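>>> I would like the atomic coordinates for the input below:
(chains A, B and C)
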Amino acid sequence: MDTQVTLDTIWVLVAAMLVFFMNLGFALVESGFARSKNTVNILSKNFIVFAVSSLGFLVLGWGLMFGDGNGFIGLKGLFMAGGADNSPAVGEAYQGVYSAISWTGVPFWAKFFFQLVFCGIAATIVSGAVAERIKYISFIAFSFVLTLAIYPIVGHWIWGGGWLSRLGFQDFAGSTVVHSVGGWAALAGVLILGPRFGKYGAGKQITAIPGHNMSIATIGLFVLWLGWFGFNSGSAMAANPAAISHILMTTNTSAIMAVLTSTAASWIIIGKPDLGMTINGGLAGLVAITAGCAYVSVTSAIIIGAAAGVIAVLSVRIFDVARVDDPVGVTSVHLVCGVLGTLFVGLFSEESVAAANGVTGADGLFYGGGVTLLGTQALGVITVAGFVFAASLLTWTLIRVTIGMRVSLREEVEGLDIGEHGNQAYPEFVIRRPSIVAELAVPKKIEK
Amino acid sequence: MDTQVTLDTIWVLVAAMLVFFMNLGFALVESGFARSKNTVNILSKNFIVFAVSSLGFLVLGWGLMFGDGNGFIGLKGLFMAGGADNSPAVGEAYQGVYSAISWTGVPFWAKFFFQLVFCGIAATIVSGAVAERIKYISFIAFSFVLTLAIYPIVGHWIWGGGWLSRLGFQDFAGSTVVHSVGGWAALAGVLILGPRFGKYGAGKQITAIPGHNMSIATIGLFVLWLGWFGFNSGSAMAANPAAISHILMTTNTSAIMAVLTSTAASWIIIGKPDLGMTINGGLAGLVAITAGCAYVSVTSAIIIGAAAGVIAVLSVRIFDVARVDDPVGVTSVHLVCGVLGTLFVGLFSEESVAAANGVTGADGLFYGGGVTLLGTQALGVITVAGFVFAASLLTWTLIRVTIGMRVSLREEVEGLDIGEHGNQAYPEFVIRRPSIVAELAVPKKIEK
Amino acid sequence: MDTQVTLDTIWVLVAAMLVFFMNLGFALVESGFARSKNTVNILSKNFIVFAVSSLGFLVLGWGLMFGDGNGFIGLKGLFMAGGADNSPAVGEAYQGVYSAISWTGVPFWAKFFFQLVFCGIAATIVSGAVAERIKYISFIAFSFVLTLAIYPIVGHWIWGGGWLSRLGFQDFAGSTVVHSVGGWAALAGVLILGPRFGKYGAGKQITAIPGHNMSIATIGLFVLWLGWFGFNSGSAMAANPAAISHILMTTNTSAIMAVLTSTAASWIIIGKPDLGMTINGGLAGLVAITAGCAYVSVTSAIIIGAAAGVIAVLSVRIFDVARVDDPVGVTSVHLVCGVLGTLFVGLFSEESVAAANGVTGADGLFYGGGVTLLGTQALGVITVAGFVFAASLLTWTLIRVTIGMRVSLREEVEGLDIGEHGNQAYPEFVIRRPSIVAELAVPKKIEK
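Below you'll find the model as predicted:
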């Protein structure tokens, strides 16, 4: 057996398993940050979104993303990942229709499984933003469209040999491909769905809706952090010792700096170090380093993480003032910091760092490369934004006018757990919901 | 150092660690699905069962399972894993008394540790079925017998060079060896133990007893799912790139299909997509693919998982109607789907798939192999059922007549946490137990 | 690419990720064992301590620990891990200023990341002992000093080529370097900080303060156990198949024996098998085997674990009677069993076992080596104790007289979550705090 193939396969599969585990992390951050009455619904969404995205990616997504085609979509080997492929052959020896991913010398199913769990992450990101008021079936429907078509098409542009990759756009592990795609889809959903009942009052009144379980949310961040080591280092799709060591360090360094600066920022701005801000700060640091983890130095990772932590805290407040109700902070963490991380590559990227990690890179603005790379990164950010936001708006709108998008006001107030699932997450615990009476008192006449 | 030995050892140990982690998954699914008053007891059981099974397997189990002997039990190197062994030597070069497992080229303790955590899983499966009324000491005693003798003997038949393996019985990662063994032992326990107080009333009255913490149960399934990647791919006991990639895909595909079909089935049958059914469905899909994960195609895994998800939902209802009170659904998930998965090998197995994965396989009924393999699989299912069920009935009966099996009715009503452990899981939270007063009002005269 | 470098890097990084995950384990054991009103504070501490220690170790700690220098501290390549280094070159080929760790053939950042997460564990150990009354900022300050200087200096003595390592002191994975260092720092903190309000009354009255969430604490132990496999086997810093297999077995065997004996001990002493004792027992078994995991046989691991389980239970009671208020049992688990494990090496170590695992060892007292090794181990225990305890007392005292160390009595009674963070962990759940009224009634006049 070829030793290098085995080494690379071990690393890719270990990484893929860690990325799979991130589904737990997202489920817990989302449910911990939401109210107990919607917990079963949130947990259910996180199971079903992975199942739906796995099926969607198998049925069509993989082919659209990695199948040989034109600069915009894959056209060969579209269905059921069924095209010709002689992996783990690479380079000249490769024969098949998935050329764009033939650079990694691992068996076909290893490539597929790693990309599959990535697709799942993009879809699960959406879940948190639309939480606490979306219909279960409508979320399932959107997830299917996202993973069947929207995500794979953007993926083709950047990782599937498409037009952005040919221009030199750099996104090592997916600040754009995964996080901003999920973020734009989420933002479109939130705008169509509207805020949760009771979130925004008359004038400038904003009601804080605290999460019901910080222990669960904390487990979520630690699991995501662990999973991110696989997410970023696995994107090497090879067990290059220098690269995977370097990537773990840049990833961790950005995350710890963002934990420190988000905690400090909330201490300064709010007056106390808010745990929710620490958690979202950590996530922001992880998202922001994702695009550049193999291209930037550990020292740059310090700056990237420090910036992301502060920006996430500010962004959460800005979205709240703008009345974009995102219960979990998805737009701040995944969208804003996904964009930020992509642009940071244009500033902090170093050709020498990339070369030491065995990948092709370019110098960013701060390392003598001028604005070329930064411009390409900006172009990618803008075009991905335009496509994903438009496609998502269209999809959400179609869902809204057909099967509907939002649960009834009464169901929203009583909780989606009973309404959508007939379950309760904590049936024995006495729950205090002082706001329910007030909520129910108001809207009788506007109830659907 | 021999490179292939190192590669294989890395994979086996990574897999073994993941399988160890499944103990957490079982602890959480079981405790989440049970009532808060029994949480400490359930968590304690899950620690102690792994400790007891590790000791039992070291003291005698390993030798009975893998020691050279006859077709029914191992007879050499029985105690303390103390027989001669020159692992990682393989084939002709191997010298020792554990020939049946000399095909894998990893050090002795790597083989042992991987098999040890497998044994632990078989024992922990029993825990969920007898939950909420079994005495702590009685469960410990049964676990010791199961892992010291019952599990290893069946293991010898199938993985230790025994009579079933010689007939060509196929169970790659243990749908029968682990899951149905645990399932039959659990069923015997449930039948002797009887249902929980208040579960079944007069006539056809069945009281649903909802689990106390769906967040905890959800963590449980994700941890089990992750662990299962190790469980199935580690059973290759080698880092064969094609095999481990293929196995992760069949495993994941079966699980996601079962999540989809169990959710859909509960939506259709109960009227709403019940989270408990989604969780048990996912587990059912994982159990069902375990026997065939290296022998069947990804397409077959779609069918296997889809079937398992539906059958698990139906099975839970059938056992309930039959008044077999299994709080966690162990019999439906591990027994029914363990049997199912074993038989599915007789239908979906492909010699070519097995060969591509570096293992010996045969064609099943649907791939031109006729009924030979299916017949052997059925024979294995039946004989394992007979032996394990009989041995378990005997063991449980001996325990019942000596140290007793069930806590007092008062303790059962008040909760095993106080009665068995003097602890509470959530001492600060206000718990609502409306049923307790009613429960206590009834049975005064029948209390032991 | 050099195959052995890749193999070793894969193992070191997998292990490092598992050690990182231990931060979750510590966060959950600590918060589960404490009261709900301090949960947010505990979770926050566990995030921030990892961030602070990562930064401190990068800024200076690594250089002090592994930089070339004298027998007491490193003097070269001190800041920002910035010294010359041509890793993964080893032996004669190595050129750089971190010679003490040049024996492992992995890239620089792999060495660094593995040691970084170790440093983080030492710091997080302190958190549990000072829980429920320390100011957030004061804990952050101490963590920074510990990881910037105290931990690295001891580390230099033992793993950085310093005076203890030259004497033949043996601590394979850190019973002393990590666990007793954390334990002594914690003990110093507890002595200066004093017990929690209400813990000790007049005369011999001791109030048990039960943990608020045993499910969370249980997740904590399983996560720590999993992480410990990486902690101990990763300390080989190479993928030596025999060594890593052996280490997983000694580690697991010690842990399961300690689970059994601590459960039995609490059953005998308290009258019931207390889950808290089972959990702390398991941890004690893991701490105690850490120093000797590569030097002792699996049979010796049985004895070591069995002893640790009993001693942890007794130690918790002794510290309680001595009025050393340690909410989580850190001193019993990490300090007492860290010392114990270090001394056990002097008894159970076998040169032949070490040799089979590819490391240099010596025979302990029970294997014909006389008292030489035991004496060296004792010397190490005493000198590390003296240095860490004195340095920690000084640091804690400086913190106390400058920024203060303890929250106000009112804040302590009301909970640090509100006081320090303005958050609640479970805002919707109805919490029962019968003791609060009594607590508040007493201390009005002594309140700060």
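
>>> residues contacting the nearest residue to A:His179 once chain neighbours are set aside?
Nearest residue to A:His179, sequence neighbours excluded (C-beta to C-beta, 6 or more residues apart in numbering or on different chains): A:Gly338, at 3.5 Å. To be clear about C-beta, it is placed using only N, CA and C from the backbone, and glycine gets the same treatment. Listed by C-beta atoms under 8 Å, 6 or more residues apart in numbering or on different chains, the contact set of A:Gly338 reads A:175-176, A:178-180, A:182-183, A:287-288, A:290-291.

>>> For A:Gly338, what are phi and psi?
With angles defined as degrees, to the nearest 10, A:Gly338 sits at phi -70, psi -40.

>>> hang on, the earlier thing: give me the subset of the contacts of A:Gly338 lying in helices.
Residues from those lying in helices, with DSSP state H as the criterion: A:182-183, A:287-288, A:290.

>>> want to try TSV for these, with pLDDT, neighbour count and distance to chain C as columns?
Formatted as TSV, the entries for these read as follows, by pLDDT from 0 to 100; neighbours: other C-beta atoms under 10 Å in any protein chain shown; distance: C-beta to the nearest C-beta, whole Å:
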residue	pLDDT	neighbour count	distance to chain C
A:Gly182	98	31	24
A:Gly183	98	31	23
A:Val287	98	33	17
A:Ala288	98	35	15
A:Thr290	98	31	17
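
>>> how about the helices of the stretch 251-400 of chain A, start to end?
Assigned by DSSP state H, counting those that start in this stretch, the helices in the stretch 251-400 of chain A fall at A:275-290, A:298-321, A:330, A:337-348, A:351-356, A:372-402.

>>> Could you measure from A:Arg433 over to A:Ser44?
Taking C-beta to C-beta, to the nearest Å as the measure, A:Arg433 falls 21 Å from A:Ser44.

>>> before we move on, what about A:Ala312?
28 Å.

>>> ditto for A:Ala84
In this view, A:Ala84 and A:Ser44 are 38 Å apart by C-beta to C-beta.

>>> could the contacts of A:Gly338 go into TSV alongside distance to C:Gly32?
Putting the contacts of A:Gly338 into TSV (distance: C-beta to C-beta, whole Å) gives the following:
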residue	distance to C:Gly32
A:Ser175	35
A:Thr176	39
A:Val178	33
A:His179	32
A:Ser180	37
A:Gly182	32
A:Gly183	34
A:Val287	29
A:Ala288	32
A:Thr290	32
A:Ala291	37
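
>>> Just give me the closest of these to C:Thr104.
If you rank the contacts of A:Gly338 by distance to C:Thr104 using C-beta to C-beta, A:Thr290 comes first, at 28.7 Å.

>>> thought that closest one was touching A:Phe172?
Yes - counting by C-beta atoms under 8 Å, A:Thr290 does reach A:Phe172; the two are 7.2 Å apart.

>>> hmm, back to that, nearest to C:Lys37 among the helices of the stretch 251-400 of chain A would be which one?
Closest approach to C:Lys37 among these is made by helix A:275-290 (13.8 Å; C-beta to C-beta).

>>> tell me the mean pLDDT for the helix or strand hosting A:Thr39?
Counting by DSSP states H and E, the element that carries A:Thr39 is helix A:39-56. Helix A:39-56 shows a mean pLDDT of 98.

>>> Check stretch A:387-396 too.
On average, stretch A:387-396 scores 98.

>>> in it, what's buried?
Within stretch A:387-396, the residues scored as buried using 16 or more other C-beta atoms under 10 Å in any protein chain shown are A:387-389, A:391-393, A:395-396.

>>> Compile these into a markdown table and extend it with columns for distance to chain B.
What follows is the buried residues of stretch A:387-396, written out as a markdown table (distance: C-beta to the nearest C-beta, whole Å):
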| residue | distance to chain B |
| --- | --- |
| A:Phe387 | 27 |
| A:Val388 | 24 |
| A:Phe389 | 28 |
| A:Ala391 | 24 |
| A:Ser392 | 23 |
| A:Leu393 | 27 |
| A:Thr395 | 20 |
| A:Trp396 | 21 |
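
>>> Just the closest of those residues to chain C, please.
A:Trp396 (29.7 Å; C-beta to the nearest C-beta).

>>> So the closest one is in contact with A:Val190, correct?
No - at 9.5 Å, A:Trp396 and A:Val190 do not qualify as touching, with contact defined as C-beta under 8 Å.

>>> Could you list the low-confidence segments of the stretch 1-150 of chain A?
Counting by pLDDT under 70, the stretch 1-150 of chain A shows low-confidence ranges at A:1.

>>> of all the helices of the stretch 251-400 of chain A, which has the lowest average per-residue confidence?
helix A:330 (a mean of 94).

>>> for the helix or strand harbouring A:Ile153, packing partners?
Using DSSP H and E, A:Ile153 maps to helix A:151-158. If you count contacts as 3 or more C-beta pairs under 8 Å, 6 or more residues apart in numbering or on different chains; DSSP states H and E, helix A:151-158 packs onto helix A:62-66, helix A:108-129, helix A:163-167, helix A:372-402.

>>> Mind putting those into CSV with distance to B:Ile121?
Output for the helices and strands packed on helix A:151-158, formatted as CSV (distance: least, C-beta to C-beta, whole Å):
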stretch, distance to B:Ile121
helix A:62-66, 32
helix A:108-129, 23
helix A:163-167, 44
helix A:372-402, 42
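
>>> A:Thr6 is nearest to which of those?
Among these, helix A:108-129 comes nearest to A:Thr6, with 10.7 Å by C-beta to C-beta.

>>> need the next SSE after that closest one, C-terminal direction.
Following helix A:108-129 toward the C-terminus (DSSP H and E): helix A:136-145.

>>> chain center to that following helix, what's the gap?
In terms of C-alpha atoms, centre = their mean, to the nearest Å, the centre of helix A:136-145 is set 17 Å apart from its chain centre.

>>> could you give the angle of that helix to helix A:151-158?
30 degrees (axes from the mean of the first three to the mean of the last three C-alpha atoms, to 10 degrees).

>>> helices or strands next to helix A:136-145 in the packing?
Packing partners of helix A:136-145 (3+ C-beta pairs under 8 Å, 6+ apart): helix A:39-56, helix A:108-129, helix A:372-402.

>>> export those to a markdown table and tack on distance to A:Thr9?
As requested, the helices and strands packed on helix A:136-145 are exported to a markdown table (distance: least, C-beta to C-beta, whole Å):
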| stretch | distance to A:Thr9 |
| --- | --- |
| helix A:39-56 | 20 |
| helix A:108-129 | 5 |
| helix A:372-402 | 30 |
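
>>> Give the residues shared as contacts by A:Thr290 and A:Phe172.
Residues touching both A:Thr290 and A:Phe172 (C-beta under 8 Å, 6+ apart): A:Asn232.

>>> quick revisit: tell me the angle the helix holding A:Ile153 makes with helix A:39-56.
60 degrees.

>>> In terms of helices and strands, where is A:Met249?
Per DSSP H and E: A:Met249 is located in helix A:241-269.

>>> So that helix, near chain B or not?
No - using C-beta under 8 Å from any C-beta of the partner chain, helix A:241-269 stays clear of chain B, coming no nearer than 13.9 Å.
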